[in-house]
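> turn this into a structure:
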Amino acid sequence: MDFQRWNPTAEDESPVPIAERRIQMLYLHLSPTVSRPLRPLEMAECSARTRKLEVNGEALSLYMRGKHRDIQEKVFEFFNSRPDLQTPIEISKDEHRELCMKQLLGLVRDAGIRPFRYVADDPSKYFAIMEAVGSVDMSLGIKMGVQFSLWGGSVINLGTKKHKDKYFDGIDNLDYPGCFAMTELHHGSNVQGLQTTATFDPIKDEFIIDTPNDGAIKWWIGNAAVHGKFATVFAKLILPTHDSKGTSDMGVHAFIVPIRDMRTHQTLPGVEIHDCGHKIGLNGVDNGALRFCSVRVPRDNLLNRFGDVSRDGRYTSSLPTINKRFGATLGELVGGRVGLAYASVGVLKIAATIAIRYSLLRQQFGPPREPEVSILDYQSQQHKLMPMLASTYAYHFATLYLVEKYSEMKKTHDEQLVADVHALSAGLKSYVTSYTAKSLSVCREACGGHGYAAVNRFGGLRNDHDIFQTFEGDNTVLLQQVAADLLKRYKEKFQGGTLTVTWNYLRESMNTYLSQPNPVTARWEGEDHLRDPKFQLDAFRYRTSRLLQSVAVRLRKHTKALGGFGAWNRCLNHLLTLAESHIESVILAKFIDAVQNCPDQKARAALKLCCDLYALDRIWKDIGTYRNVDYVAPNKAKAIHKQTEYLSYQVRSVAKELVDAFDLPDHVTRAPIAMQSHAYSQYTQHVGF
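From the prediction side, this is the model:
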């Protein structure tokens, strides 16, 4: 192209090819000598768009809000009315810790919200409070979780009536701030490998808590560095015996250990506490390290729901083996994983809201001599954000289902339900927190330079949320638990055993999924077929079943040469993919149910749009798997890709209504670029204009 002859200001209304227009735009940037008409620095109207789907925003919001929205609004309103309790952007570690404790005290004592009362009796309400509190400050959400879900939850779930009678009120009103001392320097996820000991002294009727080596120092213990007065310490229970061994290891149990004086707050004798220091995020939480040197606690301080020691040193338990007692103990602590999965979706809602509102507001480039267009009109921006928005809805309904199952489990204590919730909470916590962590970076990038400003929150959200992938179980370890459970169910399926609800599809359809794909349906590419929930769910479950069957064969083969551990390690990536595939199948099934159960037709149509995008986007991202086994023919693969792009475009047209349905007020999202009005004026005022 002859740049010298091209006059960018000429009144030429003929259409310009896209490639040529891009070259023209580059030329404008690179050639300062070319004169251009100046535009006032104000927002121009976006180009007219095609008619979009009509959404009943109020009905959709009502359907999304859930039955506990009132308590969430109470949390939001309280902190909005207390500027002194709002976390500034720049704050030191020590100041943040003190503010975080003041925030928690304000929530409990001033606002009159008592989360601990719902931990056992109404878990769904507790998690709703946690989500709202985490939206105010994620450090506050985690500190609240340490106090009530971990420290308090261990007392009421692992202890008996005497413990609840003694400690409940103090935990509830924050007179007894406490810690949950499980993780050790050398052992985190491998709880059975913990080295701290609790040796029974029958003469004094006490347990002696000891840290036998530096590897057994309790590490990353929330509330320990500054505020905690008690700790639930997980240790190996050692009993004296009259045989040649002298002692007997009864496995890991939990003990209440005072760590600071109730009146003076001084560290108690035999307890050594150190500060874990400044962290990448969550600096409002005072993580510390604990070492114990012959710390004596009364025998009653053993949390004895699953195992007890009598005055004369005899051990009794309703469960016959160490493994069963250990499983029951950890089973009572899955609430932490449930809460993290639920809270992670709350973080994703905030990030998606900020990124999408900004993308609707910000305009950039466009056809020559026409108004600039919203950056969300660009296909690349839609590709980044619209599947994420659809996924946010999917995870919302999946974690609501998890909370419902957890609440039911707490009421019934049904063994099958306990196993189901254990695996489902492990899988959803791992899958959702990993997705949210990646999405926070995508959202930052999607907002360009303004996403880099701390006031617009992506950096803080990303840093605070990052540890969600590690605590309450490392994500890779948790996915292995899901895979192990799937293999167990697979084995039971062929031995006539029963399957829990989440795994029913393995019994109902395994034979169908493992047969050869239908060559006719493999070529169907019509929109009605691709958007049919049955096709979508069948595709997800087919992939899971193929992965399950193939990894079972591989494990059997490698076990002969490598042994069980070696075979598992050889197939580890395969196992992780299997676990993720299964969790995606559960997520989609719950999303489909939520769409079908939505009472309002217009709200249901918007949800169906998101559900279809979530399903087809996931199928397209793993299209190689489906092509390798001829489940999808080449023409169908192309149709899936095309339909995914079209659905992203359609979801973009109702993106504002979809994020508005999260019902997050401006004082909760807080990012100036996400304000529903006057965003740029608030942003410029923040830096002093």
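
> where along the stretch 401-550 of the chain do the helices fall?
Secondary structure of the stretch 401-550 of the chain by DSSP state H, counting those that start in this stretch: the helices cover 415-446, 458-466, 475-493, 504-514, 527-530, 533-570.

> which one of those lies nearest to residue 256?
Residue 256 lies closest to helix 415-446 among the helices of the stretch 401-550 of the chain, at 24.4 Å (C-beta to C-beta). C-betas here are computed from N, CA, C, even on glycine.

> which strands or helices does that closest one pack on?
Packed against helix 415-446 by the contact rule (3 or more C-beta pairs under 8 Å, 6 or more residues apart in numbering; DSSP states H and E) you find helix 322-331, helix 335-361, helix 379-412, helix 458-466, helix 475-493, helix 572-597.

> change it to 7 Å
Judged by 3 or more C-beta pairs under 7 Å, 6 or more residues apart in numbering; DSSP states H and E, the packing partners of helix 415-446 are helix 335-361, helix 379-412, helix 458-466, helix 475-493, helix 572-597.

> would you mind getting the angle between the second one and helix 572-597?
Per axes from the mean of the first three to the mean of the last three C-alpha atoms, to 10 degrees, the angle that helix 379-412 makes with helix 572-597 is 80 degrees.

> over to the shortest one?
Compare the direction of helix 458-466 with that of helix 572-597 by the same axes, to 10 degrees and you get 110 degrees.

> any idea of the mean pLDDT for helix 458-466?
The pLDDT scores in helix 458-466 average 97.

> kindly calculate the angle that that helix makes with helix 415-446.
Helix 458-466 and helix 415-446 are oriented at 160 degrees to each other (the same axes, to 10 degrees).

> redo the helices of the stretch 401-550 of the chain as a markdown table? Include distance to residue 179 and mean neighbour count.
Shown next, in a markdown table, are those (distance: least, C-beta to C-beta, whole Å; neighbours: other C-beta atoms under 10 Å):
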| stretch | distance to residue 179 | mean neighbour count |
| --- | --- | --- |
| helix 415-446 | 21 | 23 |
| helix 458-466 | 20 | 21 |
| helix 475-493 | 22 | 19 |
| helix 504-514 | 40 | 15 |
| helix 527-530 | 52 | 14 |
| helix 533-570 | 33 | 17 |
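
> distance to residue 90 added to these, as CSV?
CSV is the format used below for the helices of the stretch 401-550 of the chain (distance: least, C-beta to C-beta, whole Å):
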stretch, distance to residue 90
helix 415-446, 19
helix 458-466, 11
helix 475-493, 31
helix 504-514, 51
helix 527-530, 49
helix 533-570, 45
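
> nearest to residue 128, out of those?
When those are compared for distance to residue 128 using C-beta to C-beta, the nearest one is helix 415-446, at 16.8 Å.

> tell me how far the closest residue to residue 645 other than its chain neighbours lies from residue 652.
Of all residues beyond its chain neighbours, the one nearest residue 645 is residue 379 (6.9 Å), with distances taken as C-beta to C-beta, 6 or more residues apart in numbering. As judged by C-beta to C-beta, to the nearest Å, residue 379 and residue 652 stand 9 Å apart.

> one more: residue 474?
36 Å.

> those two: which is more packed in?
Each of residue 474 and residue 652 had its neighbours counted (other C-beta atoms under 10 Å), and the higher figure belongs to residue 652 (25 against 14).

> sticking with that one, tell me its helix or strand.
Using DSSP states H and E, the element containing residue 652 is helix 634-653.

> what comes up buried for stretch 204-219?
Using 16 or more other C-beta atoms under 10 Å as the burial criterion, the residues of stretch 204-219 that qualify are 206, 207, 208, 209, 210, 211, 216, 217, 218, 219.

> just give me the closest of those residues to residue 163.
For those, the closest approach to residue 163 (C-beta to C-beta) belongs to residue 207, at 14.5 Å.

> if the closest one is in a bridge, with which residues?
residue 200, residue 297 (DSSP bridges).

> so what are the domain limits for the protein?
58-170, 178-314+327-331, 339-669 (automatic domain parsing).

> which one of those domains lies closest to residue 320?
Ranking the domains of the chain by distance to residue 320, with C-beta to C-beta as the measure, places domain 178-314+327-331 first at 11.0 Å.

> quick one: distance of that closest one to the chain centre.
For domain 178-314+327-331, the gap between its own C-alpha mean and the chain's C-alpha mean amounts to 28 Å (C-alpha atoms, centre = their mean, to the nearest Å).

> kindly report the same for stretch 385-400.
12 Å.

> who's in contact with it?
With C-beta atoms under 7 Å, 6 or more residues apart in numbering as the contact definition, stretch 385-400 has outside contacts at 64, 66, 341-342, 345, 348-349, 352, 355-356, 359, 428, 432, 435, 439, 442, 446, 586-587, 590-591, 594, 607, 610, 613-614, 617, 648, 651-652, 655, 658.

> now do stretch 652-666
With C-beta under 7 Å, 6+ apart as the criterion, stretch 652-666 contacts 49, 52-53, 55, 57, 60-61, 64-65, 76, 349-350, 352-353, 356-357, 360, 376, 382, 386, 389, 606, 675-676.

> again with stretch 188-196
By C-beta under 7 Å, 6+ apart, the list of residues contacting stretch 188-196 reads 182, 184, 187, 209, 211-213, 215-216, 233-236, 252, 292, 326, 330, 473-474, 477.

> ok, stretch 168-184 next?
With C-beta under 7 Å, 6+ apart as the test, stretch 168-184 has contacts from 104-105, 108, 114, 116-117, 146-147, 150-152, 154-156, 167, 191, 194-196, 215-224, 227-234, 290.

> same question for stretch 111-121.
By C-beta under 7 Å, 6+ apart, the residues outside stretch 111-121 that reach it are 74-75, 78, 107-108, 125-126, 129, 144, 148-149, 152-153, 156, 171-172, 410.

> can you map out the strands along the stretch 151-300 of the chain?
Counting by DSSP state E, counting those that start in this stretch, the stretch 151-300 of the chain forms strands over residues 178-181, 197-201, 206-210, 218-221, 230-240, 247-258, 271-275, 288-292, 295-298, given from the N-terminal end onward.

> report all helices and strands that the last one contacts.
What it means is strand 295-298. Using 3+ C-beta pairs under 7 Å, 6+ apart as the contact test, the elements touching strand 295-298 are strand 206-210, strand 247-258.

> again, only using 10 Å
Counting contacts by 3 or more C-beta pairs under 10 Å, 6 or more residues apart in numbering; DSSP states H and E, the secondary-structure elements packed against strand 295-298 are strand 197-201, strand 206-210, strand 247-258.

> repeat that for the fourth one.
Packing contacts for strand 218-221, counted by 3+ C-beta pairs under 10 Å, 6+ apart, involve strand 178-181, strand 230-240, strand 271-275, strand 288-292.
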